[in-house]
Structure formats: structure tokens, C-alpha cells
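Engineer: let's see this in three dimensions:
(2 chains)
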Amino acid sequence: MLSPELGHYALALACVLAAVQGIIPLIGASRRDVRLMALAPGLAIGQMIALGVSFLSLVYAAVTDDFSVQNIAENSAVSKPLLYKITGVWGNHEGSILLWALILGLCGAAVAAFGRNLPSALRARVIAVLGLVATGFELFCLTTSDPFARVWPAPMDGQGMNPLLQDPGLAFHPPILYTGYVGFAVPFAFAIAALIEGRVDAAWGRWVRPWAVAAWCFLTCGIAMGSWWSYYVLGWGGYWFWDPVENASLIPWLTGTALIHSAIVVEKREALKIWTVLLAIGTFSFSLSGTFLVRSGILNSVHAFANDPARGVFILGLLGVVIGGSLALFAYRAPTLTAGGLFAPVSREGALVLNNILLCSLCAVVLTGTMYPPFMSLLFDRTISVGKPFFDATTIPLALPLFIFMGFGPMLPWKRAQLWPVLQKLWLAAIVAAVACAVAVFTLSGVLPILCAAAALWIIAASLTDIAERTRLFRTSFATSIQRARMLPRAIVGTAIAHAGVGITVLGLAAMSQAQHKIVEVPIGTTEQLAGYEWTLKAVEDEPGPNYTAMVATLEVRRHGRLITVMHPSKRSFNSQNQTTTDVAIHTNLLADLYGVLGDRHGSDTSPTYVLRLHYNPLAPWMWLGALIMAFGGALSLSDRRMRVGAPQRARPSPATTSVS
Amino acid sequence: MTRKTRRLWLVIACVACLGTAAALILRAFSSDIVFFVTPSQVEASPPPADRTVKLGGMVVAGSVKRDKHGETPIATFAVTDGQAAVTVHYEGILPDLFREGQSVVAIGTVQPDHDFVASEVLAKHDETYMPKEVAEALKKSGKWDPRFGPPPSAASWNTMTVQDAGKNLSAPTTAPN
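Structural biologist: Numbering: from 1, shown residues only, chains lettered A, B, ... in the order given. Here you go, the predicted structure:
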């Protein structure tokens, strides 16, 4: 039934359907042939179904331990738990490319399903562009990384999976991150379609934005999950390595954030149109290069899988066609787009432009830091690396003004604004920030963390002020305020929540710069002092697991003699692969994480000593909580009536509806 | 405000932000970049003691010593690129994949006596994976010629000592397991 051959066939079918989907609707749209254009949705849905069958076949082969499939023989084993047999499908290069293609297929089908109110030519072109991109990647999958290749003779058991990857966090991190990456293909397709059509207007901005926001939400969650995984699995106590793989996800996030803001200006003021088109192209290009340059091994990093230079040529060619082609089209067609008006520097749109400039500067800095080492080694044969000191010194000074403008940007009216009345409304937020700054001076060390903490409180307070102002809280009866809050457009509430989420993340980052840690080698029974806690190593025992043996420590943490928690950090030795992993123990009270890592056993058998690493991480959970809140804010604004896909009509909005505030 | 002044504002904002970004990058490049050095480079021309560098190579077999300074564990081991060996001192937990005879990258400073004090030691996720820098260093030192097959396996590095490094260009290239 679901055999690897069926999967392979379905993949080839999907590739053919994608090619047809990429060509026929384009011809139809240029000839205004309704019948050809009407083929687009059906093809997109058909392609998605074919990819679904293909992907399910691979999952089926993994679940049934079909080791005659090379990919499964190399990455799975009979003893692996069922969950990881399924998630292991995308834990390797071939499977992850197939997942990538499947998500792209889902995006195309989503445009087909939810884009009924789009003008038929625009919809046909958007679906066609998605089809063309999909063709490229399905060809890549079929020709250079076939997930269904058979191996003969079939081994009795697979080689198993890197135990580090056997983790629920990592199991679901790739699909979410990929949905974020691939989701930006839809704004990209809209941008290309608009360039072909030669028309970008307010309605276009309104159509693009929900897709961009949805992709952005997924990307935000995906990055946060990756960071959280590296925090609690790798056991090094940190959360962001500034590794090329991580930066590759941060760069499209920065431009994507710029995109969802600049699209507002297109929608409301019909300005920044060419810039927004460029951002949509750029964001997807960065997503593509992020996934594929990293996988091809051009940017080497601690992330292990798939460093095969043979695939690099295909990937580079594909990237060249997609990115080069779209930029060439942009250069050719952008001058024909009517430029929008310029506007006053002090206005909502002015603030949004500033947001874009700062985000793009940040992106440029991260990009430079990521690309400089490979360039240096290619051109000058010098091996260098760029790490946390570089990125701290360059990103924080650029992020601080962004945080400050984030506070009052959403409160500025459109078109022409006065700065002073807005600042007057924010006196309370300013006081909060000043108090936070004063508190931070005494509790935090370092200038940048103090400024970041103050900026974080400023953002949170200003976002709350925005909502309070709009609901006239405390200036009218409470019931009226509630009533007004109910009537507020969800996009506005979503903005405030997402901005507050940024504040919470920044506060977590600022506090985490003050994390303390201690490495000791002690016998059982010793008590250590760290950050006002007494950590006592009570016992260390050996415990057998399904395919490993674990050395489990019992670590009691007390504060002023009162028991806080008993933690069990452990170290696992996997029998099959001669590999050990550390299992971190984390106790959180949401204000700080107590983080314990067990190291090696030393000394004689009669009086062994154990290496322990203890961390005190203040506000650590806030970093990821803030990211979730950002994504929630984005999702909330997606549910806004104005954002619902297809609702807007392609007509010049009347001036009355252009200003929300 | 005229169209011209509005455009001027936009240009000023762009130039200011990108200029600041460029200035920050250049400043950070001069102080915060970490250069990769091989043991033979440390021997020949050691970087200044206040400069953080990355040292990469293979852990010399039998060189790992663990010690305690009070309650702080200290590991001492030698890192070689086949030409020279540098003694590394590290306070902390060695990573799970740290093994004698395998590649390692240490981040830290070179002391005046050419000893290396590491603040961080990295071994890679994957046992068969060799950091690019280490592979390059091996090629330069003549320990590995990519034309004759894959890099020397952990086992062959295990038997290599500093003394016979550099003279066995025909080292057996067993395939990595």
C-alpha cells in the first residue's frame, strides 16, 4: 500500500504537477484566459495531496522499520521509541527537504483555498510562482537527495539516531521553523505576481499582510523553540550561540518583522510599495539561503547534519535562479510601479519607516557577522570566528533606539503628528522606565544590560499605555473602558501584546546577562553556595535505561535552610553509539532557573568525586515566554476582521477608513 | 514641509542608521574577532596575551590530566596539529564528546610561557565530524592530504605523538568508522 516506491512516484507526480502549476496559470493570466487560470487552485491542491502521500509513505516506512530504505537504515533503529521514529523522518537531510516541499505545497493549497476573493489573475500568478519554486525543490529532492532510495541487502537493524536529537523539543522544532521559513514564500509569490502585473496598491498590502504575519508567528515560535532546546538539552547554560545556523533563522526574522510593518504602510497610505516588494523578496531569499546554504556546509557550524558539497552546486544554482531571477525581475519592473507619496517624518508611517531602517541595519550587522568568516577564509585563507562579543557590541546599540521608538510609534497618528502630545501621554511609561533604570543600576552590572532593562520596561509600559489610552481607562467609568476594549480592533490589541512580548524577551535577555555559574568537583555530601542557594550533592546512582545507562545525581537545593527542590541531573551513556549525553535538571519558579549539570566521575571507586556545574539564570524563562507572547499577538491581529483573507476589495479605501486611531 | 525636506529626512535617517551600523561593525572587527590558530602558529608567533583566540587540533593521546584546585576541576591536555603541541589548561567540565586523539577547539588566551588557558572547550556533536578549521590545519601540516582519502581516523591519531608528527606523510588513512 504505502510503499517507498509509491512515495517516490507521488513525489515525481508532485514535481510534474508543480511544473504545470507554475506554467499554465501564468500563461492564462497573461492571456486573460479564465479556463487556464481556473486550473491553478486544483493543481495546487493536487500537488499538496501528492506530497502528502509521499511524506506519509516515508513516515510509514519509518514506523514499520523498513531498513531497505537507505534513509531509514541510516537514521532509525528498531529500539527507537515510536515518537522519534516519526519525528526522525525530518531529522535528516533528505526527510527535511521533503518536509520543506510538503509545507510549500500546503502554502500553495492554502492560497488556493483561502484566496477565493483575490482577483483571479493575481491568484493564478501567486499560485504559479509557488508552483515554480516548488518545482525547483522537488527536483532537488528527486535528483540529489532521494529519501526513498533503497539499499541492498537490507540491514537487520538501522544505525540509530544521534541521541541528542531524541528530544521532544527538537522533534517539533523543525516543522514549526520550516513553516515560518516556507510561509514567507507566499508574500514572495505575491511580490513576484505584483511585479508581473505591474500593480501594487493598498489592497495588495492588505492581502499580503496576513500571510506574512502568519509566517512570522511560526518563525518566532520556531526560533524560540530552537533556542530553548539548546538551553535545556546541550547543557551549556546559554541560550543563543550566534552560530551560523541560528543567525540564518534570525536574519529572515528581522527582515520579516520589517515586512509586516512596512506592509501596514502600503495598506494604509499606499506608500513604501517598492520597498515592501523588495522586503518580501529579500525575506524569502534569506529564508532559502538560511535553510540551504547551511545544509550545504558552506557555513560550517556545530549543527551536524548533511554537509555534502555535491548538493551544494544544485542548491547554489537553485538559489541563483530564485533570488537572482526575482531580483532581476524587480530591477526590470519596479520602475514601472507608481511610487507612493513621501510623508512627514513625525507620523505613524514615519515611525514605521524608522522601524524598517533600524531592523534592516540590524539585519545587515548580523549578516556581516555571519558571512565575514567564510569570506575571509575563502578570499584570504584566514580562519577567524565571530561570536557573542562581536554581536553584543554591534546589535545592542542598534536595538536600543528601536526599542525606544517602539514605545511611541503605535501611538503616533497617521499622516501628520505632533511628538509632544504623544510624549505627554507616555509620562507614566517614562517614569516606569526611569525607575527600572534606577533599580537596574543597583542590581545589574554593565551599561548595556541596564539600558536594555530600562528599554524593556519602557516598551511594556508604553504598550499598556496605548491600550489604556484607547479605552480611556481611569478617565471614564470602568464599564465604559471595558466596552471600549471590546470594540478595539484586534490588530491594535495584537500590536500592543506583541510589543509587550518584545519587552518581556528583552527583560529576560538583560537579566540573563547576570547569570551566575560555578563548576566544582566534589565528593557526595558537599554543599555549595551559589546565588544565595545551598546546593547539596546527596547521592549519585546508576540507573539502566532502554538503550543507555544513566548516572543520576540527587541534588538538593535549599535557601536559608528551607528545601526548594530536589533535582536529578544525569549523564547517559548510550550502548550502541559509544556516546554520552548530559541530561540537565532545571527547576524554575518563572523568576529564575536553577540549572544543574552532572559531569564526569573521578577519583577512586571508594571515594569518588563528581564534577558539577551549577547555574543560576535569572528571568531565563521570560526570553521564550516573550517570544510566545509575540507570536500570540501576531495570531490575535490575524483574527482581526480587516485582516481576514479575501475581505478587502481592490478599491481605493476612503480616507475615513485609512486612519484607525 | 516640502517634498525635498521630507526626502532629506529619510536620507538622513538611512545614512545615520547604516553609518552607525558600519561604525559598530568596524569597531567590533578590530577588537571582538576571534582568530583561529594552530599549535604550530602558537609556537612560532604567539598572539598577545590579552587577545582571545581559538586553538584547534587533535588531543594528544595520553596527555589528558585531571586535577583539582580546591573544589575547581582543572583539566590539562596537549593539542597538536602534527607539527607542534600546546598545553591547554581548562577549568570546567570537558564536553561529552571530548576524547583523546580526537579533534577539539579551545577558546582562550595564550600565556607568555606559550601555555593556553581555555575559557571554553568545544568538541563537536558528531563523532565523525571534524571541525573545518582543524581539517584545514591538518592539511597544512601535511598530516592529511585530501587526494589520498578521508581524514585520518581517531584511531590513527591516537597512536600519533608529537615526536613522530610531521615525518609520516604516508600515514595510514583508515576510513573513519
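Engineer: show me how chain A divides into domains.
Structural biologist: Structural domains of chain A, as assigned by automatic domain parsing, span the residue ranges A:1-161, A:162-407, A:408-514, A:516-620.
Engineer: which strand or helix spans B:His89?
Structural biologist: Taking DSSP states H and E as the definition, B:His89 sits inside strand B:85-91.
Engineer: mean confidence score for the helix or strand following that strand?
Structural biologist: Going down the chain from strand B:85-91, the next helix or strand is strand B:103-110, by DSSP H and E. Averaging pLDDT along strand B:103-110 yields 88.
Engineer: tell me what angle strand B:103-110 forms with strand B:85-91.
Structural biologist: With axes from the mean of the first three to the mean of the last three Cα atoms, to 10 degrees defining the directions, strand B:103-110 sits at 80 degrees from strand B:85-91.
Engineer: circling back to that earlier point, the strand holding B:His89 close to chain A?
Structural biologist: Yes. Applying Cβ under 8 Å from any Cβ of the partner chain, one finds that strand B:85-91 is in contact with chain A at B:Glu91. C-beta: built from backbone N, CA, C; applies to glycine.
Engineer: now do the buried residues in that strand.
Structural biologist: By neighbour count on 16 or more other Cβ atoms under 10 Å in any protein chain shown, the buried set for strand B:85-91 is B:85-90.
Engineer: and stretch B:24-32, by the same measure?
Structural biologist: With the criterion 16+ other Cβ under 10 Å, stretch B:24-32 contains buried residues B:24-25, B:28-29, B:32.
Engineer: need the residues you listed in CSV with secondary structure and pLDDT, can you?
Structural biologist: Written out in CSV, the entries for the buried residues of stretch B:24-32 read as follows (DSSP: H, G, I helix; E, B strand; the rest coil; pLDDT from 0 to 100):
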residue, secondary structure, pLDDT
B:Leu24, helix, 92
B:Ile25, helix, 91
B:Ala28, helix, 88
B:Phe29, helix, 85
B:Asp32, coil, 82
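Engineer: distance to A:Ala500 added to these, as a markdown table?
Structural biologist: Conversion of the buried residues of stretch B:24-32 to a markdown table gives the following (distance: Cβ to Cβ, whole Å):
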| residue | distance to A:Ala500 |
| --- | --- |
| B:Leu24 | 27 |
| B:Ile25 | 31 |
| B:Ala28 | 30 |
| B:Phe29 | 35 |
| B:Asp32 | 32 |
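Engineer: can you narrow the residues you listed down to the ones near chain A?
Structural biologist: Checking those against chain A (Cβ under 8 Å from any Cβ), the matches are B:24-25, B:28-29, B:32.
Engineer: nearest to A:Pro374 among those?
Structural biologist: Using Cβ to Cβ, B:Phe29 comes nearest to A:Pro374 of these, at 15.0 Å.
Engineer: tell me who's in contact with that closest one.
Structural biologist: Neighbour list for B:Phe29: A:372, A:390 [criterion: Cβ atoms under 8 Å, 6 or more residues apart in numbering or on different chains].
Engineer: next one: it from A:Val365, what distance?
Structural biologist: 11 Å (Cβ to Cβ, to the nearest Å).
Engineer: same thing with A:Gly407?
Structural biologist: As it turns out, when the distance is counted by Cβ to Cβ, A:Gly407 lies 22 Å from A:Val365.
Engineer: do A:Phe172 as well
Structural biologist: As it turns out, when the distance is counted by Cβ to Cβ, A:Phe172 lies 30 Å from A:Val365.
Engineer: then B:Asp67?
Structural biologist: Relative to A:Val365, B:Asp67 is positioned 42 Å away (Cβ to Cβ).
Engineer: mind giving me the packing neighbours of the helix or strand harbouring A:Lys518?
Structural biologist: In this structure, A:Lys518 is located in strand A:516-523 according to DSSP H and E. Identification of packing neighbours for strand A:516-523 by 3 or more Cβ pairs under 8 Å, 6 or more residues apart in numbering or on different chains; DSSP states H and E yields strand A:527-530, strand A:592-602, strand A:609-618, strand B:72-80.
Engineer: could I get these in JSON lines, plus columns for mean neighbour count, mean pLDDT and distance to A:Cys107?
Structural biologist: Converted to JSON lines, those look like this (neighbours: other Cβ atoms under 10 Å in any protein chain shown; pLDDT from 0 to 100; distance: least, Cβ to Cβ, whole Å):
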{"stretch": "strand A:527-530", "mean neighbour count": "14", "mean pLDDT": "91", "distance to A:Cys107": "48"}
{"stretch": "strand A:592-602", "mean neighbour count": "21", "mean pLDDT": "88", "distance to A:Cys107": "37"}
{"stretch": "strand A:609-618", "mean neighbour count": "23", "mean pLDDT": "90", "distance to A:Cys107": "37"}
{"stretch": "strand B:72-80", "mean neighbour count": "21", "mean pLDDT": "87", "distance to A:Cys107": "48"}
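Engineer: tell me which of these sits nearest to A:Ala258.
Structural biologist: Put simply, out of those the one that sits nearest A:Ala258 is strand A:609-618, at 30.7 Å, with distance taken as Cβ to Cβ.
Engineer: off-centre distance for that closest one?
Structural biologist: Relative to its chain's centre, strand A:609-618 lies at 30 Å (Cα atoms, centre = their mean, to the nearest Å).
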